[in-house]
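Turn this into a model:
(2 chains)
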Amino acid sequence: MGSYSAQPAAGNKLAVHCERGWNRSKRILSNPPLLLSIVLLIISVYLVVVPLISVLASSVTLHSRDTLRVFGKRPGEFTTYYLKRVFASDISSVLFYEPLMNTLIISFLMSVLAISIGTTIAWFVTRTDLPFKRFISNTAVVPFILPSWTLSLAWLTIFKNRTIGGTTGILEYFGVQLPDWISYGPLPIIITMALHYYPFTYMLVGSAFRDFDTRLEEAALVLGGNRWTILRRVVLPMVSPAIVSSFILTISRGIGSFSTPVFLGNPINYRVLSTRMFASLQAGSPGDAYMIAIVMILLAATFIFISNRVIGKRKSFVTISGQAPKAKLVSLGKWRYVASGCILLFLFAVIVVPLFVLAADTFMRVPGVYSPSNFTLHYWIGKSIPGILDGRPGILRDADTWRAFFNSVKLGLSASVLSAIFGILVGYTVVRLRGTWLSSTLDQVSFLPYLIPSIAFGAIYLSLFAQQRGPIPSLYGTFMLIILATTAKNFPFAAKSGISAMIQLGHEIEEAGIIAGASWLTRMRRLVLPLQRSGLLNALILPFISAMRELSMVVILITPGTQLLTTLTFRYSDYGFYHMSNAVVLLLVIVIIVMRYIMQKITGAELSEGLGGN
Amino acid sequence: MRRFVALLLMLSLTLMLGAVTTTVCAADEDWDAIIAAAKKEGLLVIYNPSSRMGEAAEGFTAKYGIEVQWAKMNDVEVSDRVVREHEAKARGADVIVTEDAAILMAQLLPQKYVINYVPSTCKGIIPQEYQDPLVYQFQPRIFGYNTEAYAESPIKNLWELTTPEWHGKIAMRDPQFTSTNLAWFAEIVEAADEMAAAYEKCFGEPITLTTPNAGWEFIKRLANNKPIMFNSDTSVAEAVGAKGQADPPVGLYVLSKHREIPAKNLALEACYGLEPCMGYLYPAYVAITANAASPNAAKLFVSYLLEEGVKAWTKDLGNFATNPTIPSHPDDPLGGTEAWAKVTMPLNAQTTVKYYGEIFDFWMKHAK
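Residues are numbered from 1 along each chain as shown, chains lettered A, B, ... in the order given. I've put the predicted structure just below:
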């Protein structure tokens, strides 16, 4: 018996082993979420992790131009030169410590301001009987869809003082003397950035306000809680994950934000990490730049770590069931028109006024002269005049404008569709596999691009994909590279919205599908995707808009043949052609608004529906 | 006189350096074959820092029917892109123009990313000293002032810029991103004795040094005086020359911005008589890339640029062709490159390379 059992035991072990392996592969193959997550993980590692490793390597590798500074080393050799230079040299405070402090101060205060504005408007729109709700709901997101430097340019047009010479802003023109701290630096940066980023909070928190089960609130009311207690003890805790997410998203945006500090900080040499990094790239010191980029990444990673600790405990709320509870709105009574009026006034001040100011500027022949004889259409439809703006014709006549226009639309469409698909698939797999390492790894990897400042992301992509790597040919100078980078940069948002949509959805619905015998594909097609329409819409429209107005990343990847509207406007302002720059920004704004409208028509829903503008 | 000696020194050094750089000797080129091949190549890509390249490109296309794509970018961008394209073997620039001697002499030429190419048609026309590396034009970047606020130049000596009176009232392109400004600082360090003499002339007493010499001292004090930084000469010229300013700055910008005075309604004049120099004179180098996709079109363009294309620049005051058959602008108050070289500091590639490693950090340290 003993010998009988001993013989097959070895074979049995092998057989068991084989069978285990086979079972495991079969499990993977028969488990679409698992298979999907592996594919998604490979894609995101290639597009995100590999670039990250490359930035680390670049920061300790001698750049070819620096052979003039570091003697006796060849380009590409290992060096600690940049490490010393950035963290412990004569110029460390300029290169690193001051920009670091500025970045922290600005990101934090800007986020606090943005969250306050966003949450306030979201609450009024979703939870009260505010009049003109639909209009407010639609309009409140507009600042986010505008290029972020629109407000900066408008700020300068109004508040620019005489410190930096040249033509002053409108206020100084009318004799108001402005100190530097109003015209440039931290204060205007914080204000304009908060006004740009608050819609982030507005949308995320608004969704949470709308989506949670109001029966909880009613229950609290029945139990005798007053409105404020309920707000504090029931409503806010329920939306606090959304608030914390918004805060994290906003603050990490703040750490990487570039265009606002460029316009409002550079004039007085007030630099944050991103503008300092760009400056180093521009000054031909990529080693310094990558070193700073790593700090920016670590900084943002710290916030993510904190956020995971904070939200981790609350993540498991499932607040939506199949039935839609009818929301009971807070009655504002006689204050409803006052509240509405204040919000409308605010929106007027942050949307209409800046755009009007910029538009007015494009119709002025000579900057700063506010008289009818100074009116001109030259910057829009004028023919080329030698000596003015390098003899460029008005932007609507300029072939460059139209090429950039089509490129921008192409980029927006491809990047948004690609990242929306990615987002929904990631959301699905991450939620379905919750608790496994695949789920958390995929979640984290797809969120990584958020930690990489756009500028660094662009620079890394440039160096990484400039050469042929394996089966992938050199993408340098191709439009594909820009699409890839933009899509990858959108992963975090796409994944987050995919994940939160799936969390909201709950598992019961798909379980019902399984019980009814529907296959995975059918469940996806008939249950999951349709229920996520508003999530899908967000996952399409927002990446489209952000791709359309992305500047800091693409500015590094652009070649003459792949110019976009954003890079065109940046180039113009860089060369001091502010009229042209303002005109292209306005064109961009029009394009974005029209495209958003068209996409809403195509997808058959309005963004406001997702926010309860009923 | 010192300027002349410096210029001569620069030329001889450039010649010596020429011996080690790669120069395509184009003594016996068949231009008919080159033109035919260039037309077959069809497309020419140019990276350069000047927007007027557009006009030269149009002229080239009109003459030869070869499409040109050109992009305006700064020196760092040009070199970064050329290096990347070279390594990626990607379709990139065929012709580059750069104003950064350090990048050209220490990186692009010796590491064979670009080739110094002098067309046989131009060998006998362009002065020998501008052939290696090939210079197609010179531009003065000078200090200017607002004529509405000042009847004459408010500064007579560069050292006045370091006094409290001009604190925060000097407009210039940010040296971090303007290789030529850094190269000028290198010349100032090299001309330390002259700077020391100018100091004494300005303040009537010898300079007390906190740095190795009067050149470094000037740069430090200039940086401490918080100049206002701009991205472009256009912005500097506007900052200085915009009308209606109570207390306008003086500024360092390219002389050619004076062409925009009427169109932009500016009140702008150069600080003639400024000692020891009213600015500097810098060359624009043109080269073709080592693995140009359209090498023949590139050669043809270099020849066109030297012979005719440069007129896109020289038709306005402030640009001087190295081609002596193209005269300087009739309104030129001084009369040609040599005259400007006397009142400015001509940039010397060797000096630029010599101080490249130090100047940037020194400026950054004191400009904060």
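
use CA for all of it now, contacts and neighbours both
Will do.

A:Arg596: what's it in contact with?
The contact partners of A:Arg596, taken as C-alpha atoms under 8 Å, 6 or more residues apart in numbering or on different chains, are A:Ile541, A:Ile545.

So it: helix, strand or coil?
State at A:Arg596, reduced to three classes by DSSP: H, G, I helix; E, B strand; the rest coil: helix.

how far away is it from chain B?
Look at A:Arg596 and chain B: by C-alpha to the nearest C-alpha, to the nearest Å, they are 32 Å apart.

ok, now A:Val112?
According to C-alpha to the nearest C-alpha, A:Val112 stands 29 Å off from chain B.

And A:Ile556, by the same measure?
Counting by C-alpha to the nearest C-alpha - A:Ile556 and chain B are separated by 9 Å.

Looks like that residue contacts A:Ile460 (just checking).
No: counting by C-alpha atoms under 8 Å, A:Ile556 does not reach A:Ile460; the two are 9.7 Å apart.

Kindly tell me how buried B:Lys39 is, as a neighbour count.
Using other C-alpha atoms under 10 Å in any protein chain shown, B:Lys39 has 19 neighbouring residues.

Quick check, pLDDT for the spatially closest residue to it that is not a sequence neighbour.
Nearest residue to B:Lys39, sequence neighbours excluded (C-alpha to C-alpha, 6 or more residues apart in numbering or on different chains): B:Ile66, at 6.0 Å. On pLDDT, B:Ile66 comes in at 94.

What is the neighbour count of B:Ile66?
Residues lying near B:Ile66 (other C-alpha under 10 Å) number 20.

Could you find the closest non-adjacent residue to A:Phe412?
One correction, residue A:412 is Gly, not Phe. Nearest residue to A:Gly412, sequence neighbours excluded (C-alpha to C-alpha, 6+ apart): A:Phe544, at 4.5 Å.

now A:Gly284
B:Val76 (5.4 Å).

Please could you give me each C-alpha atom of the helix or strand where that neighbour lies, formatted as PDB?
Assigned by DSSP states H and E, B:Val76 belongs to helix B:75-88. Extracted in PDB, the C-alpha atoms of helix B:75-88 (Å, rounded to 0.1, in the frame of the first residue of the first chain):
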ATOM      1  CA  ASP B  75      18.900  78.100 -29.400                       C
ATOM      2  CA  VAL B  76      18.300  75.500 -26.700                       C
ATOM      3  CA  GLU B  77      15.300  74.200 -28.500                       C
ATOM      4  CA  VAL B  78      17.100  74.100 -31.800                       C
ATOM      5  CA  SER B  79      20.000  72.100 -30.400                       C
ATOM      6  CA  ASP B  80      17.800  69.700 -28.400                       C
ATOM      7  CA  ARG B  81      15.700  69.000 -31.400                       C
ATOM      8  CA  VAL B  82      18.600  68.500 -33.700                       C
ATOM      9  CA  VAL B  83      20.200  66.100 -31.200                       C
ATOM     10  CA  ARG B  84      17.000  64.100 -30.700                       C
ATOM     11  CA  GLU B  85      16.200  64.000 -34.400                       C
ATOM     12  CA  HIS B  86      19.700  62.800 -35.100                       C
ATOM     13  CA  GLU B  87      19.500  60.100 -32.600                       C
ATOM     14  CA  ALA B  88      16.000  59.100 -33.600                       C
END
